[in-house]
Each structure stands twice: as C-alpha cells, then as structure tokens.
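Coordinates only, no sequence provided:
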C-alpha cells in the first residue's frame, strides 16, 4: 500500500512497518510496527498507518516518530486503510467508522454500522461507506459524522465506493456462488 503527497514523497507499508521516501527515491526513515499494516495515508505533517489489529498510528512526517496511536480491543477492520479529509482521519473498526483529529489524536465522532470499504470526496468533505449488511451506501459528513443520505441496494456491495462529477460508483455481486 502506498500514499503520496504534493512534494512527491511516498509512504509505503509492508508486513514489518512503514517507510517514507523522498521524491528522488531516498529512504527518509522507517518505522517498525508490532502488527502488519493494512494501509497508509499522508496528511500535512503526519503519516497515518492503520493495522489489522486494529490500530491507528500517527507518525511525524519528518522524523517517523510516533505522535499518537489508537488501539481497540477486539473488532477487526477488514484490512482497511486510513482515509483523510482536511485535519480528520477516519478508520473503520468493527462495524464503526471512527474519526480523529490528525494533530492530537482526539476522537471526533463515530458512525455506526459500516464495513471496511470507505471512499472519500475531500472537496465536499464527505466519506462514502458501505453500511448495513453490505446492502446500503451512506454518505457521511466529515464535519460531524452524521449521514447526509443513505440508499438501499438489492445487491451485495463490495469494494470502496468511487466517484466523479457524475456520481458515485459501486461494485456489487448479484448472485454470488461459492467457488471450490
């Protein structure tokens, strides 16, 4: 999993932790994690690393030192990655989407009943989450964690929602069969 910023830096995670590379490919630092990372995001002065434990770490972008972390007992995140809008990072834990202030790690809100697939529209400040029994799509306002709208589907939704100026796009399964 990779994330890049406007300066050309690239954060990469592997089974042992996270590394940050300069625009010319030089390794700037590496940080080991006690659990395998599930994803990474870059935002301002932070590198945000999620793990499947689930845990969420904020590392200082310049040094790689840990700024804060959140740990949950139990629950899973389906190998989700952290998602960023402005100064907020959201991370799926169990059946919730939890949001934190990137600078302080302070919890801002919880949106209940989601899966691990989260799409982001940073311009509108909205997260798109597959919710319910993977048969609903909710648009969540990043400023307060409240649903802007929710729509039901007659198919099982999979994968993170994507979008463009024409709308939101989803992948779904109409008639899934077990493959042996």
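Yep, that arrived. Computed from a prediction, not measured in an experiment: that's the story for all the values here.

Point to the residue nearest the middle of the chain.
residue 82 (2.4 Å; CA atoms, centre = their mean).

got a list of what that residue touches?
39-41, 48-50, 56, 89-91 (CB atoms under 8 Å, 6 or more residues apart in numbering). C-beta: built from backbone N, CA, C; applies to glycine.

can you map out the helices along the chain?
Using DSSP state H, no helices are found in the chain.

State the distance from the residue nearest to the centre of the chain to residue 100.
Distance, residue 82 to residue 100, by CB to CB, to the nearest Å: 9 Å.

what do those two both touch?
With CB under 8 Å, 6+ apart as the test, residue 82 and residue 100 both reach 56, 89-91.

how many neighbours does the closest residue to residue 149 other than its chain neighbours have?
Of all residues not flanking residue 149 in the chain, residue 139 sits nearest, at 5.1 Å (CB to CB, 6 or more residues apart in numbering). A count of nearby residues for residue 139, using other CB atoms under 10 Å, gives 19.

on that earlier part again, so of the shared contacts of residue 82 and residue 100, which ones are in strands?
Among these, the residues falling in strands (DSSP state E) are 56, 89-91.

Would you format the shared contacts of residue 82 and residue 100 as a markdown table with distance to residue 131 and pLDDT included?
Formatted as a markdown table, those follow (distance: CB to CB, whole Å; pLDDT from 0 to 100):
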| residue | distance to residue 131 | pLDDT |
| --- | --- | --- |
| 56 | 20 | 92 |
| 89 | 19 | 96 |
| 90 | 14 | 93 |
| 91 | 16 | 90 |
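
Which members of those residues define the maximum pairwise distance?
Using CB to CB, the pair of the shared contacts of residue 82 and residue 100 lying farthest apart is 56 and 90, separated by 9.6 Å.

higher neighbour count, these two?
residue 90 (27 against 24).

who does the closest residue in space to the more buried one that isn't next to it in sequence bridge with?
In this structure, residue 90 finds its nearest non-sequential neighbour in residue 99, 4.5 Å apart by CB to CB, 6+ apart. Here residue 99 sits in beta bridges with residue 90, residue 109, as judged by DSSP bridges.
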